[in-house]
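In: would you be able to build a 3D model of this:
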Amino acid sequence: MKKFLCGKNMWGYATGTKVKPLVPQAENFDLLVDAWETDNSKVITWINNSITQSIGMQLAKYDTTKDVWNHLERLYTQSNFAKQYQLEYDICSLQHNNLSIQDFYVVMSDLWDQLANWLLLNLKS
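Out: Numbers count the residues shown, from 1 in each chain. Predicted coordinates:
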């Protein structure tokens with residue numbers, strides 16, 4: 001999502017660097033507010049379109065992309081090793097069962113990628 005938003009020049013809405021104009025200092029204040037609200041709504045819609053409905057329902061109470069992003073960050077960032085343990089457990093317990101070899105490979109690769117990304121993120125912090 002970060003790469004997508006950066007590509008659309010909208011990442012500032014998630015980080016909070018693109019803030020809603022508050023003080024009417026310019027002639028075009030109304031246009032600036034309208035543009036900010038439109039872009040903010042676009043980003044929230046893009047985020048909602050990329051998550052499950054149950055998580056989307058949790059986000060409905062937020063009005064800004066930054067608040068949505070902060071909620072998602074709290075939801076998916078774990079400072080302890082529970083996430084690492086869960087990924088390692090899922091990798092060890094994954095079985096072929098009724099999956100095709102290609103589907104099994106995709107699932108296993110996804111788990112390994114998640115674990116690698118988690119380790120990289122936690123090595124940086």
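In: where in the chain is pLDDT low?
Out: Low-confidence segments of the chain, defined by pLDDT under 70: 25, 77-80, 121-125.
In: break it into its domains for me.
Out: Recorded structural domains for the chain (assignment: automatic domain parsing) are 2-76, 82-124.
In: where along this structure do the helices fall?
Out: Ranges of helices within the chain are 2-7, 11-15, 29-49, 53-59, 65-76, 82-93, 101-124, based on DSSP state H.
In: deepest-packed of the ones you listed, please.
Out: Per residue and on average, the most neighbours among the helices of the chain fall to helix 11-15, with a mean of 19 (mean count of other C-beta atoms under 10 Å). Any C-beta I mention is one placed from the backbone N, CA and C, and that applies to glycine too.
In: CA atoms only for that helix, dumped as PDB, please.
Out: C-alpha atoms of helix 11-15 as PDB (Å, rounded to 0.1, in the frame of the first residue of the first chain):
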ATOM      1  CA  TRP A  11       1.700   8.900   1.000                       C
ATOM      2  CA  GLY A  12       1.600  12.200   2.900                       C
ATOM      3  CA  TYR A  13      -2.000  11.600   3.900                       C
ATOM      4  CA  ALA A  14      -1.000   8.400   5.700                       C
ATOM      5  CA  THR A  15       2.000  10.000   7.400                       C
END
